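Student: Sharing a model that was predicted from the sequence below.
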Amino acid sequence: MTGMPAKKLLIGLAGAFLAAVSVVVILSCGYALLQLHDAGKEAASEVGGGLLFIATNAAYVSAVMAFLAIALLALPHAIISQRLGHTSKTYYVLSGVVIGLVVIAVAGIWQRRLPAPPFHMGSDQYFFVVSAIAAGAIAALTYWSIARPDQWRH
């Protein structure tokens with residue numbers, strides 16, 4: 001890894017992990033509040049406990065997915081991109097979007113391996129795609145801001 005400081009790489013990836021999980025938790029709670037608003041006042045009585053449950057589950061699931069994405073996709077991508085000289089902020093953000101889409105596509109395919117009703121794209125599925133795009137982009141921007149691959153020697 002000539003010119004690539006391992007410490008900056010690892011700290012950047014750790015920051016990307018925290019950013020991705022945080023984005024998904026915040027978006028999940030926001031989506032739940034929108035769903036609650038649509039449900040009316042009867043459903044509003046259990047807001048606190050419901051949001052805690054949603055935040056906890058979103059953190060758990062997104063942490064598992066983010067860890068796997070970083071270990072299997074982002075780390076090799078960062079190393080290869082550095083060697084190829086692709087170090088711009090825009091490149092990393094767009095790469096993060098692609099990695100987010102790959103992760104949500106693999107998760108969807110993995111979920112469909114079991115017998116289930118026919119697939120349809122509802123509001124929940126659109127939310128998952130938007131969350132994956134946002135998490136990937138913010139995680140990649142966080143990585144780039146911490147590791148600054150554009151400042152490493154080639």
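Tutor: Cool, the structure landed. Residues are numbered from 1 along each chain as shown.
Student: For the rest of this, base every contact and every neighbour count on C-alpha atoms.
Tutor: Noted.
Student: And the strands in this structure?
Tutor: Under the criterion DSSP state E, the chain carries no strands.
Student: need the helix or strand of it with the lowest average pLDDT.
Tutor: Least confident helix or strand of the chain, by mean pLDDT, DSSP states H and E, is helix 47-69 with a mean of 88.
Student: Flag every buried residue along that helix.
Tutor: Neighbour counts over helix 47-69 (16 or more other CA atoms under 10 Å) mark 50, 51, 54, 55, 58, 59, 62, 63, 65, 66, 67, 69 as buried.
Student: Can you add distance to residue 94 and give those residues back as CSV?
Tutor: As requested, the buried residues of helix 47-69 are arranged in CSV below (distance: CA to CA, whole Å):
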residue, distance to residue 94
50, 34
51, 31
54, 28
55, 27
58, 24
59, 24
62, 20
63, 21
65, 19
66, 17
67, 19
69, 15
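Student: Among those, which one lies nearest to residue 7?
Tutor: Closest approach between those and residue 7, by CA to CA: residue 67, at 17.7 Å.
Student: Tell me if I'm right that the closest one and residue 17 touch.
Tutor: Yes - counting by CA atoms under 8 Å, residue 17 is a contact partner of residue 67 at 6.7 Å.
Student: mind listing what the spatially most central residue of the chain touches?
Tutor: Residue closest to the mean C-alpha point of the chain, counted by CA atoms, centre = their mean, is residue 135 at 3.3 Å. Residues in contact with residue 135 (CA atoms under 8 Å, 6 or more residues apart in numbering) are 19, 20, 21, 23, 24, 96, 97, 100.
Student: Looks like residue 93 contacts residue 142 (just checking).
Tutor: No - under the criterion of CA under 8 Å, residue 93 is not in contact with residue 142, lying 9.2 Å apart.
Student: got the contact list for the spatially closest residue to residue 19 that is not a sequence neighbour?
Tutor: Using CA to CA, 6 or more residues apart in numbering and skipping the chain neighbours, the partner closest in space to residue 19 is residue 139 (5.2 Å). Contact partners of residue 139, counting by CA under 8 Å, 6+ apart, are 15, 16, 17, 18, 19, 20, 96.
Student: Looking at those, spot the one nearest residue 31.
Tutor: Distances from residue 31 to those, taken as CA to CA, are shortest for residue 20 (16.3 Å).
Student: now the closest residue in space to the closest one that isn't next to it in sequence: how far from residue 145?
Tutor: Of all residues not flanking residue 20 in the chain, residue 135 sits nearest, at 4.6 Å (CA to CA, 6+ apart). Taking CA to CA, to the nearest Å as the measure, residue 135 falls 15 Å from residue 145.
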